[in-house]
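In: Predicted model follows, preceded by the sequence.
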Amino acid sequence: MKKVFVFIVSFICAAGLTGCASMREPTARIDNNAGTVPLPPYSGPKARLAVADFDVKAAKAHRSIGTGLREMLITSLVNSNRFSVMERQALKAAMQEQELAASGAAAAGGPKRGNIKTADLIITAAVTEFEPHSVGGNAGIIGGRSIGSVIVGGIIAGSMNKAHMALDVRVIDASTSEIISSARVQGKASDFAGGFGIAVFGVGALGPGLSGYANTPMEKAIRVCIIEAVKYAAMTVPANYFKY
């Protein structure tokens, strides 16, 4: 009986359902992009770009999700230290301030006309897949015993919850409107329902419209997808655009 118990515990660890340590602190698995990591530190010249509004095409996504994903992508692009991102959502407000300063109605000083920077590149993205929750087959191993609140070598109960999303990303030359590069990036994650927790992958808050996915496999899928989009931009933008 002792040999059977040891075999069951070993099988659990080998199968990747949970490690011996993660029996206490279980984590979600990334089904693809298993090696996804942020870009390494960088301190060279930057490329100047703007991020267009996301085109939401997936049936289970909506406009606010596109807005939230765009905000997360902008933050990640800036934090990569490779891109100088031009904010276009607040452009009207900036121009109003310039007009006010130039009108003479405001105190001396203030923003000057003609200083708004233009982008050499535009990044567009379409949300083509957005699946927050799909259920796989039941997962579990029978046998074992309980140690405190932890089941060792026992049934890992529940169905596997899966989440995934995909973005079609394009990098466009702002002067010519030529598409420099285009690709589909995706993120996938899963957990096992029935008490398993989620280890958050990445830092920073989720964007607007996405808070409902916090601490779920979908959060991890979102973060993986954003990381992959930034890595894709960094690797495919030609070197001559990095000049600021």
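Out: Everything's here; your move.
In: Quick check: buried residues in the top strand by length along the chain?
Out: Taking DSSP state E as the criterion, the chain has its longest strand at strand 121-138. Residues Leu121, Ile122, Ile123, Thr124, Ala125, Ala126, Val127, Thr128, Glu129, Phe130, Glu131, Pro132 are the ones in strand 121-138 that count as buried (16 or more other Cβ atoms under 10 Å). Using the backbone N, CA and C atoms, a C-beta is placed for each residue, glycine as well.
In: ok, the fifth one to Asn79 distance?
Out: This means Ala125. Distance, Ala125 to Asn79, by Cβ to Cβ, to the nearest Å: 17 Å.
In: Note down every partner strand of the longest strand of the chain and its orientation.
Out: The pairing partners recorded for strand 121-138 under DSSP bridges are strand 47-51 (parallel), strand 55-56 (parallel), strand 159-173 (antiparallel).
In: Between those, which one is closest to Ala189.
Out: Ala189 lies closest to strand 159-173 among the strands paired with strand 121-138, at 5.5 Å (Cβ to Cβ).
In: Just the buried residues of the helix or strand following that closest one, please?
Out: Next in sequence after strand 159-173, counting helices and strands by DSSP states H and E, comes strand 179-192. Under the neighbour-count criterion of 16+ other Cβ under 10 Å, strand 179-192 has Val185, Gln186, Gly187, Lys188, Ala189, Ser190, Asp191, Phe192 buried.
In: what sits opposite the third one in the beta ladder?
Out: Legend: beta-bridge partners of Gly187 under DSSP bridges are Met165.
In: where do the helices sit along the protein?
Out: 2-15, 63-79, 91-103, 217-236 (DSSP state H).
In: Return the member of those helices having the minimum mean pLDDT.
Out: Mean pLDDT is lowest for helix 2-15 out of the helices of the chain, coming in at a mean of 44.
In: circling back to that earlier point, would you tell me which one of the buried residues of strand 121-138 comes nearest to Thr75?
Out: When those are compared against Thr75 (criterion: Cβ to Cβ), the nearest one is Ile123, at 13.3 Å.
In: With mean neighbour count added, can I get the strands paired with strand 121-138 in CSV?
Out: As requested, the strands paired with strand 121-138 are arranged in CSV below (neighbours: other Cβ atoms under 10 Å):
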stretch, mean neighbour count
strand 47-51, 22
strand 55-56, 16
strand 159-173, 20
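In: now those as TSV including distance to Pro208 and mean pLDDT?
Out: Compiled in TSV, those are given as follows (distance: least, Cβ to Cβ, whole Å; pLDDT from 0 to 100):
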stretch	distance to Pro208	mean pLDDT
strand 47-51	15	96
strand 55-56	13	97
strand 159-173	16	91
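In: nearest to Lys117, of those?
Out: Nearest of these (Cβ to Cβ): strand 47-51, 6.7 Å.
In: what's in contact with that closest one?
Out: 70, 73-74, 77, 82-88, 117-123, 125, 174, 233, 237, 241-244 (Cβ atoms under 8 Å, 6 or more residues apart in numbering).
In: what sits against the closest residue to Asp168 other than its chain neighbours?
Out: Leaving aside its sequence neighbours, Asp168 sits nearest to Ala126 (Cβ to Cβ, 6 or more residues apart in numbering; 4.4 Å). Counting by Cβ under 8 Å, 6+ apart, Ala126 touches Phe54, Asp55, Val56, Lys57, Leu167, Asp168.
In: mind running it again at 10 Å?
Out: Shown in contact with Ala126 (Cβ atoms under 10 Å, 6 or more residues apart in numbering): Phe54, Asp55, Val56, Lys57, Ala58, Gly66, Ala166, Leu167, Asp168, Val169, Arg170, Arg184.
In: What of Arg82?
Out: Taking Cβ under 10 Å, 6+ apart, we find Arg82 in contact with 39, 42-47, 49, 230, 233-234, 237, 242.
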